[in-house]
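J.: sequence below, structure please.
(4 chains)
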Number of protein chains: 2
Amino acid sequence: MQLWLDAVIMAVTADRPRVLTVLRGADGRPPAEALADSEREPAAPPLHGPLDALPFGPLDVAGDRTLEGGLRRHVRQQTGLELGYVEQLYTFGDALRDPAQADGGPRVVSAAYLALVREERPVAGDARWRDVYAFLPWEDHRVGRPSILDERIAPAATAWAAGAQGVGAPRPRDARGDAMAEHGERRERADIAFGFGTARWDDERVLARYELLYELALVAERARDDGAPAPPMDPPRAESLAEPGRGRKDDADAGRAMALDHRRILATALGRVRAKIKYRPLVFELVPPEFTLRTLQHTVEALAGMRLHTPNFRRLVDRGGLVEGTGHFEQATGGRPAERFRFRREVLRERRAPGVGLPTSGSARRPN
Amino acid sequence: MQLWLDAVIMAVTADRPRVLTVLRGADGRPPAEALADSEREPAAPPLHGPLDALPFGPLDVAGDRTLEGGLRRHVRQQTGLELGYVEQLYTFGDALRDPAQADGGPRVVSAAYLALVREERPVAGDARWRDVYAFLPWEDHRVGRPSILDERIAPAATAWAAGAQGVGAPRPRDARGDAMAEHGERRERADIAFGFGTARWDDERVLARYELLYELALVAERARDDGAPAPPMDPPRAESLAEPGRGRKDDADAGRAMALDHRRILATALGRVRAKIKYRPLVFELVPPEFTLRTLQHTVEALAGMRLHTPNFRRLVDRGGLVEGTGHFEQATGGRPAERFRFRREVLRERRAPGVGLPTSGSARRPN
DNA sequence: ACGACTAATACTCACATTGAGGTTAAGTGG
DNA sequence: CCACTTAACCTCAATGTGAGTATTAGTCGT
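T.: Numbering: from 1, shown residues only, chains lettered A, B, ... in the order given. Take a look at the predicted model:
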């Protein structure tokens, strides 16, 4: 058995959440020629070719005293980055995660970690920063609800719910109407995950959404894992990241694929960040030591994928004791100069859950 | 490398949080004679002898398709229990966790899981239910702040903070006064963990408190791991559980030890439960399908280790849509009959964080 | 210099939530 | 039938939250 250590390294740059990736084959193996191939034929549908992967590597049972230490080592070696804030995310151990295992390869279990940094230098090797929402485009609601939700996902979910047979373990219920119950459960699950019907969009259910899309076969990984020839969606365009992307255009597809189950891990990480930012002062790992409230708000908004009411955000963070003014002012780019603030470490003693609470009702996105 | 699967199986019975344990040596090895020994000499200080351990076992890389499946299998085999609600807790991989590893044994990583059940039959083999607060007595504040906090822990913490040298990694600060800064950090850490000084008691910081007690050498595991001869505390009394325990008497010692690092895992589990109960309807895994609001409240109080304001709890849970009346009534034991309620599953669709929120300020324990 | 524009900050207000207290209702046991 | 016990209900003040509006202090263009 082998233990792999996977790193989801996130930053927020220019109001976009970013993740550090390396290039790997779909099976996770590092083909030396991967980089070169990718540069030569960027238009080839990258289903099995070089894909974005999270930095990862095996635990060195002799050398690594701690799992986190081993993770830092791998990240250092693969990307040249020295991590600061790191926390454990989840340990993935399903036998079917890795196609190679089906061929009798060794059993692999992955311990995934989340790290928050500030984006720096165009890091070493084949490491590069990617927009998180290139992989999870349905998660960004800052300029409105992405059209893919109602145009492509909703119909697919409806068909999936309607097509429910009495398959799977029937619940201990009345024998009559098992299919109906199954139908209702599927409908309910989709509604809750994506905020269809009367249900509200919950920014934290990132993993539930990805898993449902996998089940609906709307993400490329599903086709790949099934060994199917073509994905039931537009192949992710190799350089959609480079284009600024006008409005909701990028939503047309179900996001860029990643190697192995790394996109699922990324979804887990985003969900964790969105949840934890509300009760722990995580944001401050992502902004410089001194920052304007605008920067802070935009950073939170980038992660949450929704916009906030500015005066309320200020009240929360300032009156709530999370930050204090420094007396220094930003030279404005076209408006009143903003004061720079710093994190008040003392808040950890005073407040129980010192986070930047997003609207609890979930509906309180800023009218836009 | 070997992956172990550890199970923290919790229940709440007679208003006491319980955990399912098996008997093992301090090194985790299952001595066949452990049970017999324990029965014969219950007074022997159980530092290396048979100790309470969490049910655990290795992942079967060939047979277990999922980690959770492997866990359920081990629990079934060792305790005869079929688990319901299960979630992953944390993966522990430090090289020094297991004394055996120091002797060149194989590297062991443990994936710990939390399961919530209703306590049943006096389960199979050497499995038995134990009070959680026998291991973590400083966590139960239902009948007041445990005296051990201010009588034994506070002085030890003060000495520890005062004795801070400039050891450890000095922070990037002014060179002058590193020892002072270190002192302040230790003081701050202890204050926040235990609610000393102006800091408030935070029920969720269970792990932080256990780790600090380990550092203060107030728990027996520390002495054991150091290879020291005697623990700097009263040896845990073997049958303190059997005694009803009058008032705060049990707080005199720093709790019963467990095998390996299982007490740390238990602390992690309790912290997780306390946090999650506030935003997920976990409690309902611990009570029968129909229950009185009194039972529900006592169950929450048992886990949180603090008492709640009854009318407010009722308002939260009833008006908040978490439960609905059944029209059935409990035959009273000496008072007005209470209606039995059931969990309203629909709440998952309606509310974003359907938990039984404890007082957010933390100070709102019921005046007692 | 001045007015349009932009961004930062301040103020207001209705409403929901929360912590804490008291009051009434419906049983049991002497 | 009266004392006691527990359930269920109601009230109230304080605080927090969502949302809208106003003022301040700069930049930029003419």
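J.: make it CA atoms for all contacts and neighbour counts henceforth
T.: Will do.
J.: which residues in the stretch 51-200 of chain A form strands?
T.: For the stretch 51-200 of chain A, the strands defined by DSSP state E, counting those that start in this stretch occupy A:51-53, A:56-58, A:85-92, A:108-116, A:128-131.
J.: count of residues packed around residue A:191?
T.: 20 (other Cα atoms under 10 Å in any protein chain shown).
J.: how about it, what does it touch?
T.: By Cα atoms under 8 Å, 6 or more residues apart in numbering or on different chains, the residues touching residue A:191 are A:197-199.
J.: what's the pLDDT at it?
T.: Note for residue A:191: predicted pLDDT of 92.
J.: picking up where we left off before, could the strands of the stretch 51-200 of chain A go into JSON lines alongside mean neighbour count and distance to residue A:280?
T.: Listed next are the strands of the stretch 51-200 of chain A as JSON lines, based on neighbours: other Cα atoms under 10 Å in any protein chain shown; distance: least, Cα to Cα, whole Å:
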{"stretch": "strand A:51-53", "mean neighbour count": "26", "distance to residue A:280": "28"}
{"stretch": "strand A:56-58", "mean neighbour count": "21", "distance to residue A:280": "27"}
{"stretch": "strand A:85-92", "mean neighbour count": "18", "distance to residue A:280": "13"}
{"stretch": "strand A:108-116", "mean neighbour count": "22", "distance to residue A:280": "13"}
{"stretch": "strand A:128-131", "mean neighbour count": "19", "distance to residue A:280": "24"}
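J.: I'd like to know which of these lies nearest to residue B:205.
T.: Closest approach to residue B:205 among the strands of the stretch 51-200 of chain A (Cα to Cα): strand A:85-92, 16.2 Å.
J.: so what are the sheet partners of the closest one and their directions?
T.: Counting by DSSP bridges, the strands paired with strand A:85-92 are strand A:108-116 (antiparallel).
J.: if we can go back for a sec, which of the contacts of residue A:191 sits closest to chain B?
T.: residue A:199 (5.7 Å; Cα to the nearest Cα).
J.: around chain B, pick out the residues from the stretch 51-200 of chain A.
T.: When proximity is defined as Cα under 8 Å from any Cα of the partner chain, the stretch 51-200 of chain A approaches chain B at A:61, A:64-67, A:88, A:90-91, A:93-96, A:107, A:111, A:188, A:192, A:199-200.
J.: following the helix ranked longest in chain A, which helix or strand shows up next?
T.: Counting by DSSP state H, the longest helix found in chain A is helix A:178-194. Per DSSP states H and E, helix A:178-194 leads on to helix A:206-215 as the next helix or strand towards the C-terminus.
J.: quick revisit: quick check: buried residues in the longest helix of chain A?
T.: Neighbour counts over helix A:178-194 (16 or more other Cα atoms under 10 Å in any protein chain shown) mark A:178-179, A:181-183, A:186-194 as buried.
J.: tilt between it and helix A:206-215?
T.: 130 degrees (axes from the mean of the first three to the mean of the last three Cα atoms, to 10 degrees).
J.: CA atoms only: put helix A:178-194 into PDB for me.
T.: Below are the C-alpha coordinates for helix A:178-194, written out as PDB (Å, rounded to 0.1, in the frame of the first residue of the first chain):
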ATOM      1  CA  ASP A 178     -40.200   2.500  -4.600                       C
ATOM      2  CA  ALA A 179     -39.400   4.100  -7.900                       C
ATOM      3  CA  MET A 180     -41.400   7.100  -6.900                       C
ATOM      4  CA  ALA A 181     -39.500   7.400  -3.600                       C
ATOM      5  CA  GLU A 182     -36.200   7.000  -5.500                       C
ATOM      6  CA  HIS A 183     -37.400   9.700  -7.900                       C
ATOM      7  CA  GLY A 184     -38.200  12.000  -5.100                       C
ATOM      8  CA  GLU A 185     -34.900  11.400  -3.400                       C
ATOM      9  CA  ARG A 186     -33.000  12.200  -6.600                       C
ATOM     10  CA  ARG A 187     -35.100  15.300  -7.200                       C
ATOM     11  CA  GLU A 188     -34.500  16.400  -3.600                       C
ATOM     12  CA  ARG A 189     -30.800  15.800  -3.900                       C
ATOM     13  CA  ALA A 190     -30.400  17.800  -7.100                       C
ATOM     14  CA  ASP A 191     -32.600  20.600  -5.700                       C
ATOM     15  CA  ILE A 192     -30.500  20.900  -2.600                       C
ATOM     16  CA  ALA A 193     -27.200  20.700  -4.300                       C
ATOM     17  CA  PHE A 194     -27.900  23.300  -7.000                       C
END
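J.: next one, pLDDT for residue A:357 please.
T.: With respect to pLDDT, residue A:357 scores 65.
J.: ok, residue A:151 next?
T.: 92.
J.: that one: neighbour count?
T.: Neighbour tally, residue A:151, other Cα under 10 Å: 12.
J.: do residue A:327 as well
T.: The number of residues packed near residue A:327 is 9, by other Cα under 10 Å.
J.: ok but it is inside a strand, no?
T.: Yes. Assigned with DSSP: H, G, I helix; E, B strand; the rest coil, residue A:327 falls within a strand.
J.: what about it, distance to DNA strand D?
T.: Residue A:327 is 12 Å from DNA strand D, where distance means Cα to the nearest atom of the strand, to the nearest Å.
J.: how about the contacts made by that residue?
T.: A:339-340.
J.: can you check residue A:268 too?
T.: Per Cα under 8 Å, 6+ apart, neighbours of residue A:268: A:89, A:206-207.
J.: need the contact partners of the strand ranked longest in chain A.
T.: Using DSSP state E, we find that the single longest strand of chain A is strand A:2-13. For strand A:2-13, the external contacting residues (Cα under 8 Å, 6+ apart) are A:17-20, A:54-59, A:67, A:70-71, A:75, A:106-119, A:265-266, A:269, A:286-287, A:299, A:302-303, B:1.
J.: could I get the pLDDT score of residue A:163?
T.: pLDDT, residue A:163: 82.
J.: find the nearest non-adjacent residue to it, please.
T.: Distances taken as Cα to Cα, 6 or more residues apart in numbering or on different chains place residue A:183 nearest to residue A:163, at 7.6 Å, with adjacent residues excluded.
J.: pLDDT value on residue A:354, please?
T.: Listed pLDDT for residue A:354 reads 77.
J.: which SS class is it?
T.: Classified using three-state DSSP, residue A:354 is coil.
J.: who's in contact with it?
T.: Residue A:354 neighbours (Cα under 8 Å, 6+ apart): A:278-281, A:322, A:347-348.
J.: gap between it and residue A:285?
T.: Distance, residue A:354 to residue A:285, by Cα to Cα, to the nearest Å: 14 Å.
J.: likewise for residue A:151?
T.: As defined by Cα to Cα, residue A:151 lies at a distance of 37 Å from residue A:285.
J.: what's the answer for residue A:266, then?
T.: Per Cα to Cα, residue A:266 is found 18 Å from residue A:285.
J.: out of the two, which sits in the busier spot?
T.: residue A:266 (27 against 16).
J.: how about low-confidence regions in the stretch 1-150 of chain A?
T.: Along the stretch 1-150 of chain A, the parts satisfying pLDDT under 70 run over A:29-49, A:98-104, A:122.
J.: how many residues are close by residue A:66?
T.: Residue A:66 has 19 nearby residues by other Cα under 10 Å.
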